[in-house]
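Asks: here are the coordinates; sequence isn't available:
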């Protein structure tokens, strides 16, 4: 599904990623873990075209998408729910969801039934149904996170990137976010997950990569990394 | 009292023209944080192009053609003057480039239509009608109705159509809009097109009550810029209120003080607003949440 080879990326003069290689197989959940500044969000941004990679290839369904603008990447079937949620504050919840399907509504991707998918998002996130006509800027942080995830799913993506979906949320909402990730996994949605709660991420993922200073330090099946003493000590805070 | 109301009525018509042009500034500022300082030349070109068409099409049929002309003109401005500046992340390049393009447009207009002011045939009777003791030119009513209708149409487009929603999304958060698969470069071009369309339309609305020529838009665009600052670059209601305030203040000053001081209240208002409320009367203070 997604294959990344020797990815280099950064900001200005600073290179953050020094040649990452990893892959996300179809129908699986892969997580990137690592300390702050390891390059997790930079990786996500390079994949979705928010920043231009300096080298390497990113293959989605066999096509190299490295260097494409973010709107072109979305049209290839990659949905990115960004760090900080980034919902459109002056648009209604419903319009935010509709915009998630923009390539489908403008002929860049197969249209399908957009209204039915919006209903599906409301079933997945019942709070959003109650607030469908409310402006997204008036939602709570948790609701905005639900909206950001629902909006990304509206693309009917081949792969879904979730960057820090639990950031800044109350413990109860963190649980809710992970319940939904688990549900999406059961529906065979291919996902790449970046999470500060490494234990929870390893609990839901099939495979994990540990990032350190822009390089992959360890990788393996999530269950195995979860019980690896070295990984636990360095990245999981011993919990 | 009648005189006062009479002056207010004329001020409203002038003010709505300012509002329509200022509305055009807002459209591009929202999506790209840039605006077209050649907006006055877009207005003049729209009016002159309309003037050329009128003998063949009549006034009403000319309007849709001028709107299309405005759309094309806006796209040209964006491609030539704004996109290169955005591309190299030049913070101020677009200012010089849009001013330069405006000067070129003005010179082209002078070569094509001459330097003399031309008379634009009025589509409506040029005798004033009386409403409740106030004499109003039918054309003034058309200006107010036309400007309001045009702003309403753009607003409906933004709220109801998928491309309009893409414009609003781009204004909210350009990076997130890109992630939705929205080609934000095209959205910025679209906003420039709609912006120049509003200016060209304002041109054919105002032309029958003023003179038509290459320089007709310069002062209007400058005052509309003041209106956009007074009302706030983000508020649709703000430009209408700002336009009315400025238009009425001008006609009142022109009559009660001297026509020589006509432009003073607007500038004083601009200075006062800038010093007390820099985001504009209706602007929202930007609070960045972290």
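Replies: Sure thing, it's come through. Source: prediction; values computed, not measured. Numbering: from 1, shown residues only, chains lettered A, B, ... in the order given.

Asks: tell me where the stretch 151-290 of chain B has helices.
Replies: Assigned by DSSP state H, counting those that start in this stretch, the stretch 151-290 of chain B shows helices spanning B:162-172, B:174-179, B:184-206, B:216-231, B:236-256, B:264-276.

Asks: same thing with chain A?
Replies: A:40-47, A:70-75, A:93-100, A:102-105, A:114-124, A:126-130, A:141-153, A:171-186, A:198-204, A:222-227, A:229-235 (DSSP state H).

Asks: using TSV, lay out these together with mean pLDDT, mean neighbour count and distance to residue B:50.
Replies: Where C-beta positions appear, they are placed from N, C-alpha and C, glycine not excepted. As requested, the helices of chain A are arranged in TSV below (pLDDT from 0 to 100; neighbours: other C-beta atoms under 10 Å in any protein chain shown; distance: least, C-beta to C-beta, whole Å):
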stretch	mean pLDDT	mean neighbour count	distance to residue B:50
helix A:40-47	96	24	47
helix A:70-75	97	23	36
helix A:93-100	97	26	36
helix A:102-105	97	22	35
helix A:114-124	96	16	40
helix A:126-130	94	15	48
helix A:141-153	95	24	43
helix A:171-186	94	15	56
helix A:198-204	92	20	62
helix A:222-227	90	16	67
helix A:229-235	77	15	68
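
Asks: who wins for proximity to residue B:23 among those helices?
Replies: Nearest to residue B:23, of all the helices of chain A, is helix A:93-100, at 21.7 Å by C-beta to C-beta.

Asks: show me what that closest one is packed up against.
Replies: The helices and strands touching helix A:93-100, judged by 3 or more C-beta pairs under 8 Å, 6 or more residues apart in numbering or on different chains; DSSP states H and E, are helix A:114-124, helix A:141-153, helix B:162-172.

Asks: quick one: contacts for residue A:49?
Replies: Listed by C-beta atoms under 8 Å, 6 or more residues apart in numbering or on different chains, the contact partners of residue A:49 are A:65, A:67-73, B:178.

Asks: can you rerun that using 10 Å?
Replies: When contacts are counted by C-beta atoms under 10 Å, 6 or more residues apart in numbering or on different chains, residue A:49 touches A:58, A:65-74, A:76, A:78, A:80, B:178-179.

Asks: quick one, phi psi at it?
Replies: phi 80, psi 10 (degrees, to the nearest 10).

Asks: look up how far residue A:66 lies from it.
Replies: Distance, residue A:49 to residue A:66, by C-beta to C-beta, to the nearest Å: 9 Å.

Asks: for chain B, which helix is longest?
Replies: The residue-count maximum for a helix in chain B (DSSP H) belongs to helix B:39-77.

Asks: chain A contacts on the stretch 151-290 of chain B?
Replies: Proximity of the stretch 151-290 of chain B to chain A, by C-beta under 10 Å from any C-beta of the partner chain, involves residues B:159-160, B:162-163, B:165-166, B:168-173, B:175-187, B:234, B:289-290.

Asks: selecting buried members of those in PyMOL, what would you type?
Replies: Entered in PyMOL, the line below selects the buried ones among these, by 16 or more other C-beta atoms under 10 Å in any protein chain shown:
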select buried, chain B and resi 165+166+168+169+170+171+172+173+176+177+178+179+180+181+182+183+184+185+187+234
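
Asks: with respect to residue B:276, which of the helices and strands packed on helix A:93-100 lies nearest?
Replies: helix B:162-172 (25.9 Å).

Asks: and the closest one, what does it pack against?
Replies: In this structure, helix B:162-172 packs against helix A:93-100, helix A:102-105, helix B:2-32, helix B:138-160, helix B:174-179, helix B:184-206, with contacts taken as 3 or more C-beta pairs under 10 Å, 6 or more residues apart in numbering or on different chains; DSSP states H and E.

Asks: roughly how far is that helix from the heart of the chain?
Replies: Put simply, helix B:162-172 sits 20 Å off its chain's centre (C-alpha atoms, centre = their mean, to the nearest Å).

Asks: now do stretch A:52-60
Replies: Between the centre of stretch A:52-60 and the centre of its chain there are 17 Å (C-alpha atoms, centre = their mean).

Asks: please consider this matter closed, and thank you.
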